[in-house]
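Asker: the sequence and its predicted three-dimensional model are supplied below.
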Amino acid sequence: MVESRGVVYVATGEKFVTEALISVRSVKRQMPELPVTLFTDLQELVASPPEGVDVVFHLTQVTNSCLDKMYPLAESPYERTLFLDTDTYLCDRIDELFDVLDNYDIAAAHPPYRVQYHLPDIPECFPEPNTGVIAFKRTSGALEVLSNWSKEYKKQLASPNKPHHDQHSFRAALYHSTARFLVLPQEYNFRNIGPNFAGKGSKIKIIHGRHASFERLEARLNANLDYRVFLMHPGRIFTHELVTYKGAVEALNNAVFEALPNPIKHLLSNLRRRCS
């Protein structure tokens, strides 16, 4: 018997359900056979799931906090689950995120920053994992993390140093667990809210963050599989060749030259030939 695999979303309110459905469409485009489950407070969707969603579970107790995201994950109907935030976009098949759970209980990636919330009992070299993309298997280790996640979050909420989001508590739950944890590379949770880096030869598989056109962004990010540095402002993508001094100067010279009127380009071309 083949173990079940599927994607889980948690979305409360029409705004986030609508956003989640954009992500759902990207999942179904790349992996149409993969079932999708949505946990939401919109009860009317249970009887009539939106296009692309296979099963809808009704959230009866909504706190409008990070807790709404934590509790449903332990109730995933799949043996192997990929949890995705509503603002994610799948660029390619990701079978490997399920396959890697043969040897690990849970997997997540670091955000571009490392630690935003100091926890004295956790070393700095164990940074915060981003919780927008989490792959996990229904094992005692993973269920331990999911159970302790909400407990750690509530503990932090009760402290003078209230958390900014749920990553701090997820970090604590992971560090104090027995789970076999895999750190995913950035290509599986590529944040576009700030500077980010993609490795040479690696296609970006999941974009995480809001964008006017994910299709256009994905095309730009994966047009070249060299080293890539992404800058949110002004939305530039630099490859290894471009960021070398020679490559950058040549690119700048060519860009300036192409922007000139044709008569001036013709004159400069003649001067270049005479000087060469």
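Answerer: Arrived safely.

Asker: where's Y188 relative to A212, distance?
Answerer: Separation of Y188 from A212 (Cβ to Cβ, to the nearest Å): 23 Å. For the C-beta atoms, the positions are set from N, CA and C on the backbone; glycine is no exception.

Asker: more neighbours: those two, which one.
Answerer: Set Y188 next to A212 and count neighbours by other Cβ atoms under 10 Å: Y188 wins out with 20 against 6.

Asker: how about the strands in this protein?
Answerer: Along the chain, counting by DSSP state E, strands occupy 5-11, 36-40, 55-58, 80-84, 88-90, 106-109, 133-137, 181-184, 190-191, 196-198, 206-208, 228-231, 236-239.

Asker: and the fourth one, what other elements does it pack with?
Answerer: What that stands for is strand 80-84. Packed against strand 80-84 by the contact rule (3 or more Cβ pairs under 8 Å, 6 or more residues apart in numbering; DSSP states H and E) you find strand 5-11, helix 95-99, strand 133-137.

Asker: dump the residue contacts of D41.
Answerer: Neighbour list for D41: 12-13, 58-60, 62 [criterion: Cβ atoms under 8 Å, 6 or more residues apart in numbering].

Asker: where does this structure have low pLDDT?
Answerer: 1-2, 232-236, 238-257, 272-276 (pLDDT under 70).

Asker: nearest the middle, which residue of it would you pick?
Answerer: Nearest to the geometric centre of the chain sits N189, at 2.9 Å (Cα atoms, centre = their mean).

Asker: kindly state the beta-bridge partners for the closest residue to I134 other than its chain neighbours.
Answerer: Closest residue to I134 apart from its sequence neighbours, by Cβ to Cβ, 6 or more residues apart in numbering: F83 at 4.5 Å. Judged by DSSP bridges, the bridge partners of F83 are V8, I134.

Asker: how many residues are close by F83?
Answerer: For F83, the count of nearby residues is 21 (other Cβ under 10 Å).

Asker: doesn't V36 make contact with R25?
Answerer: No. Counting by Cβ atoms under 8 Å, R25 sits too far from V36 to count as a contact (10.1 Å).

Asker: now do the contacts for Q156.
Answerer: With Cβ under 8 Å, 6+ apart, Q156 has these contacts: 117, 162-163, 168-169, 172.

Asker: if anything else comes up later, I'll come back, but that's it for now.
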